[in-house]
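Asker: My questions concern the predicted model and sequence given below.
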Protein chains: 2
Amino acid sequence: MDSKRATVRDLRRRNRSTLLSTLFFDGPLSRFELGQRTGLSAATVSTVVAEMAEDRLVVEAGLVESDGGRPRVLLRVNPTYAHVVGVDVGETGVTMELFDLALTRLAAHTRPLPPPRPAPALVGPLIAAGLTELLDQAGVPESSLLGIGIGVPGTVEQGATVRVHAQAIGWDAIAVAELLGDSGVTAPLFVENGAKTQGQAEMWFGAGRGARHAVIALIGSGVGATVITDGTTYRGSTSSAGEWGHTSLIYGGRACRCGAFGCLEAYVGAEGILDRYRKARGGRAIPRPDEQSQLDFLLTAADRSAPAAAIIEETVGYLGAGIANLINLFNPERIVLGGWAGLALGTRLLPDIRRATADHALRHAYDRTSIDLCRLGPDAVAVGAATLPVEALLTSGTDPRTRSRLQDAQQNA
Amino acid sequence: MDSKRATVRDLRRRNRSTLLSTLFFDGPLSRFELGQRTGLSAATVSTVVAEMAEDRLVVEAGLVESDGGRPRVLLRVNPTYAHVVGVDVGETGVTMELFDLALTRLAAHTRPLPPPRPAPALVGPLIAAGLTELLDQAGVPESSLLGIGIGVPGTVEQGATVRVHAQAIGWDAIAVAELLGDSGVTAPLFVENGAKTQGQAEMWFGAGRGARHAVIALIGSGVGATVITDGTTYRGSTSSAGEWGHTSLIYGGRACRCGAFGCLEAYVGAEGILDRYRKARGGRAIPRPDEQSQLDFLLTAADRSAPAAAIIEETVGYLGAGIANLINLFNPERIVLGGWAGLALGTRLLPDIRRATADHALRHAYDRTSIDLCRLGPDAVAVGAATLPVEALLTSGTDPRTRSRLQDAQQNA
DNA sequence: TGCCTTAATTTGCGACTTAAAATTAGTCTA
DNA sequence: TAGACTAATTTTAAGTCGCAAATTAAGGCA
């Protein structure tokens, strides 16, 4: 069915990849433990580790004392082997962060973008300029860059040329590689939907750690989800899977900005919630400057105002039904609720949300799913983007910088 | 991350598996073509094929004439290498079918079950007795059985012991292996949810052929779905994924037999449709004996009766929204609509259903999804069940009969 | 019959993992 | 402080595997 040929060299690559990955996520570990966890023989662990140590990809990290017997040497991924940059292209600004290989933040900055529709041609130079500044700031040479991950709002179609469809900022089928085409940036680029990078960050370092099947449900002004199946982000056939916000919750209900009616987003997205609240107030504006504080206002008001409480209660019900749909369809072991609005609702109402979910989900699946809150917050988009080059390194076991050259060579052949 | 060790032997197994699979699905093929399709070298193809020919798993199937040069020898999977049995355990009866390895039906029969709740203890002996009869009928020795696939209504929890939760027939956490425990059946058992086996049949031999990402949407009295991601059935963490029928379509709407309100099933399941129609008729019964003819009656009535037409139009709308949810969440390349009610609706109303779906789905994803009808019908549950042992053979490249012994040995070690 | 073309097999090689043996690097004991 | 002891690595010696190149097989054609 799948036509992946397998040579004996692929074997090595794969073993290298599993060893590197276990070291990255569960390290530091000794060679002995590595053998146990991966099922590989001590001999193989030894030779492969030696190879990676030769490349300076893996370094020693102290000893474990023993009660008699040779002490185990701890190994870990070398944080300074290379660096990665994560870029969060938002609707109003671009945040860039520089990390070492262990994803420790070394430098960061944010540049505003002219709203509402920043021309793609503008973003390229902005990133290029921001990049050199970032590198200068941390004293990291550009040659040390493993890659640059870019999180964008909108769907990203992976393929020969990566194309971005971001209706939110008016990008239609933009080829990202061209944005940085002539700016002299040579590091490999990895582009992905911002919600998906945020979800990946949550999976690697947040509430998703260790889960093989999970859904990261993100609620901000809009609503999206990242679906993790078997440890990897599910993309579907054209990378637009997980559009949870635009599933029908109330057939023929409120108009949604996607053009359809009754979408979940129109009910539990911050904009939808506040709009409903405004209507309940007889059209009076909510006396706060921005969406976040308006939602806070609503949540506080719910303690004393019946209409506000009703809106919240409804919202919790809708959200529960929406989450139940995720459970019934994907049967994950964990749901992680995030996004700024998701966190605002969740921190105060998680038990209610759980109850509402139970009312709508099938018992069997619900009982086997935990519902937790995000641990990283919306600024995790950049970290998540930065994980992309690291992921490429881990899954291939080889440096994407050299690999891309190889791929080019193969394509020319 | 994943701790699959990779020895040099696994390599062979994997290549054997890919060769066998391509031969099974795309055969007959010559060694030369096999090499091209799998990317393996001619040498490897030759040796691996020789091995499989030695086992009589693969046999020659004629020549391709050539215009000069040695003619290519066509190869195919040996249909008589082994046989498989597919069992469809339904609410009212058990259908059993015997196939050769090419899934050609050799014998079949159906036994009624005492409704409404056949005791599990009853089903075991029924299958055992039916099995010997089936084998006698076709003159196939039991030793030739590669395995027995069983499709059951309800969720099947795969694990050390396979457990079935089938509320429809009152089975709760039944360990299937025990059903046949002392009946002397030695062939490996494979148990799976009936909707999933039907979906698999559709993927192998029906409208799903060739798709990597697809959803088989099944509408009968109830509603279910099989989700295919990357060519394999998606099960989720506890095998209960794809419960499309119990996703909320209308928050707080009609009561569903699952206990929740507003489930899709309550609107587009045959029972739900007919119930709504009955209400529209002021409570008068539909003058037909069973659900299928009642639905036909409704569909025909729609041509001349406004209330009937309204029910159908509503149903199409609901169904469109439900399908749109599948598209938005899973982003498949193909939706296959099936089940007896799904077919009844689809054959007359597919264009309308497509339109309704377009109204609710995101443009980008909808444009890249085709919506087709099932080609096999509801009796495909048994064929689908029979594919399970074949699938085990294809993905492992080795005979599940010997493999299970190996696994036992490993577990004891 | 002999030459040409293409398919399949055989051969020689480099690469890989593993089990077992050897080595190494500590702790413990007297 | 010199063994004795213990347990982690490394080396060594098979045994496999897939591949490229070289052969061999099986026809067509003149």
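Answerer: Thanks, I have it.

Asker: Tell me the residue of the stretch 251-400 of chain A that sits nearest DNA strand C?
Answerer: Going by CB to the nearest atom of the strand, DNA strand C is nearest to residue A:397 of the stretch 251-400 of chain A, at 10.3 Å. C-beta: built from backbone N, CA, C; applies to glycine.

Asker: Next up, the contacts around the residue nearest to residue A:155 when sequence neighbours are not counted.
Answerer: Distances taken as CB to CB, 6 or more residues apart in numbering or on different chains put residue A:240 closest to residue A:155, at 4.4 Å, once the chain neighbours are dropped. The neighbours of residue A:240, taking CB atoms under 8 Å, 6 or more residues apart in numbering or on different chains as the test, are A:155, B:331, B:362, B:364, B:365.

Asker: per-residue confidence at residue A:141?
Answerer: Predicted confidence (pLDDT) for residue A:141: 93.

Asker: how many other residues sit next to it?
Answerer: 8 (other CB atoms under 10 Å in any protein chain shown).

Asker: any idea what sits nearest it, other than its immediate chain neighbours?
Answerer: residue A:135 (7.1 Å).

Asker: List of residues touching the helix or strand harbouring that neighbour?
Answerer: Assigned by DSSP states H and E, residue A:135 belongs to helix A:120-138. Here helix A:120-138 makes contact (CB under 8 Å, 6+ apart) with A:83, A:85, A:87, A:89, A:94, A:96-98, A:106-109, A:111, A:113-114, A:141-142, A:145, A:148, A:150, A:171, A:174, A:178-181, A:183-185.

Asker: next helix or strand past it?
Answerer: Defined by DSSP H and E, the subsequent element after helix A:120-138 is strand A:145-152.

Asker: Heading C-terminal from that next one, find the next helix or strand.
Answerer: In N-to-C order, the element after strand A:145-152 by DSSP H and E is strand A:155-157.

Asker: In its sheet, which strands sit next to whichever helix or strand comes after that next one, and in what direction?
Answerer: For strand A:155-157, the following helix or strand on the C-terminal side (DSSP H and E) is strand A:163-166. Looking at strand A:163-166 with DSSP bridges, its partner strands are strand A:155-157 (antiparallel), strand A:171-175 (antiparallel).

Asker: still on that earlier bit, take the contacts of residue A:240 and keep only those in helices.
Answerer: If you go by DSSP state H, the contacts of residue A:240 have B:364, B:365 in helices.

Asker: Which of the contacts of residue A:240 ranks first by neighbour count?
Answerer: residue B:331 (28 neighbours).

Asker: List the buried residues of the helix or strand in which residue A:315 is found.
Answerer: Here residue A:315 sits within helix A:306-330, counting by DSSP H and E. Residues A:308, A:311-312, A:314-330 are the ones in helix A:306-330 that count as buried (16 or more other CB atoms under 10 Å in any protein chain shown).

Asker: touching chain B at all, that helix?
Answerer: Yes. Against chain B, helix A:306-330 shows contacts by CB under 8 Å from any CB of the partner chain at A:317, A:318, A:321, A:322, A:324, A:325, A:328, A:329, A:330.

Asker: Switch the residues you listed over to CSV; also include pLDDT and distance to residue B:50.
Answerer: Shown next, in CSV, are those (pLDDT from 0 to 100; distance: CB to CB, whole Å):
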residue, pLDDT, distance to residue B:50
A:317, 95, 64
A:318, 95, 62
A:321, 95, 58
A:322, 96, 56
A:324, 96, 54
A:325, 95, 52
A:328, 95, 49
A:329, 96, 46
A:330, 96, 44
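
Asker: Residue A:356: which of the residues you listed is nearest?
Answerer: Among the residues of helix A:306-330 next to chain B, residue A:317 lies closest to residue A:356 (CB to CB), at 5.1 Å.

Asker: And the spatially closest residue to that closest one that is not a sequence neighbour, which helix or strand is it part of?
Answerer: Among residues not flanking residue A:317 along the chain, residue A:356 sits closest, at 5.1 Å (CB to CB, 6+ apart). Assigned by DSSP H and E, residue A:356 belongs to helix A:340-360.

Asker: For that helix, name the packing helices and strands.
Answerer: Using 3 or more CB pairs under 8 Å, 6 or more residues apart in numbering or on different chains; DSSP states H and E as the contact criterion, the elements in contact with helix A:340-360 are strand A:214-219, helix A:270-280, helix A:291-301, helix A:306-330, strand A:334-338, strand A:370-373.

Asker: That one: which residues count as buried?
Answerer: A:340-346, A:348-349, A:352-354, A:356-358, A:360.

Asker: Strands of the stretch 1-150 of chain A, residue ranges please.
Answerer: Applying DSSP state E, counting those that start in this stretch to the stretch 1-150 of chain A gives strands spanning A:29-30, A:58-64, A:72-77, A:83-89, A:93-100, A:105-112, A:145-152.

Asker: Let's have those in TSV, adding mean pLDDT, mean neighbour count and distance to DNA strand D.
Answerer: Shown next, in TSV, are these (pLDDT from 0 to 100; neighbours: other CB atoms under 10 Å in any protein chain shown; distance: least, CB to the nearest atom of the strand, whole Å):
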stretch	mean pLDDT	mean neighbour count	distance to DNA strand D
strand A:29-30	90	20	4
strand A:58-64	84	15	8
strand A:72-77	90	19	3
strand A:83-89	95	28	28
strand A:93-100	94	22	24
strand A:105-112	93	15	30
strand A:145-152	93	26	26
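
Asker: Using JSON lines, lay out these together with distance to chain B.
Answerer: Below are these laid out as JSON lines (distance: least, CB to the nearest CB, whole Å):
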{"stretch": "strand A:29-30", "distance to chain B": "13"}
{"stretch": "strand A:58-64", "distance to chain B": "16"}
{"stretch": "strand A:72-77", "distance to chain B": "13"}
{"stretch": "strand A:83-89", "distance to chain B": "18"}
{"stretch": "strand A:93-100", "distance to chain B": "20"}
{"stretch": "strand A:105-112", "distance to chain B": "23"}
{"stretch": "strand A:145-152", "distance to chain B": "15"}
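
Asker: Could you point out which of these sits nearest residue A:48?
Answerer: strand A:58-64 (9.4 Å).

Asker: what packs against the closest one?
Answerer: helix A:42-54, strand A:72-77.

Asker: What helices and strands are in contact with the first one?
Answerer: Same thing as helix A:42-54. helix A:8-26, helix A:31-38, strand A:58-64.

Asker: just to revisit the earlier point, quick one: the residue nearest to residue A:141 from DNA strand C, how far?
Answerer: Going from residue A:135 to DNA strand C by CB to the nearest atom of the strand, to the nearest Å gives 34 Å.

Asker: unless I'm mixing things up, residue A:392 is touching residue A:148, no?
Answerer: No. The criterion here is CB atoms under 8 Å, and residue A:392 misses it with residue A:148 at 11.5 Å.

Asker: and for the two, which residues touch both?
Answerer: If you check residue A:392 and residue A:148 against CB under 8 Å, 6+ apart, the residues they both contact are A:188, A:190.

Asker: returning to that earlier point: most tightly packed of the strands paired with strand A:163-166?
Answerer: strand A:155-157 (a mean of 23; mean count of other CB atoms under 10 Å in any protein chain shown).

Asker: I'd like the average pLDDT over that one.
Answerer: Taken as a whole, strand A:155-157 carries a mean pLDDT of 86.

Asker: what's that strand in contact with?
Answerer: Contacts to strand A:155-157, defined as CB under 8 Å, 6+ apart, come from residues A:162, A:163, A:164, A:165, A:166, A:191, A:192, A:193, A:238, A:239, A:240, B:364.
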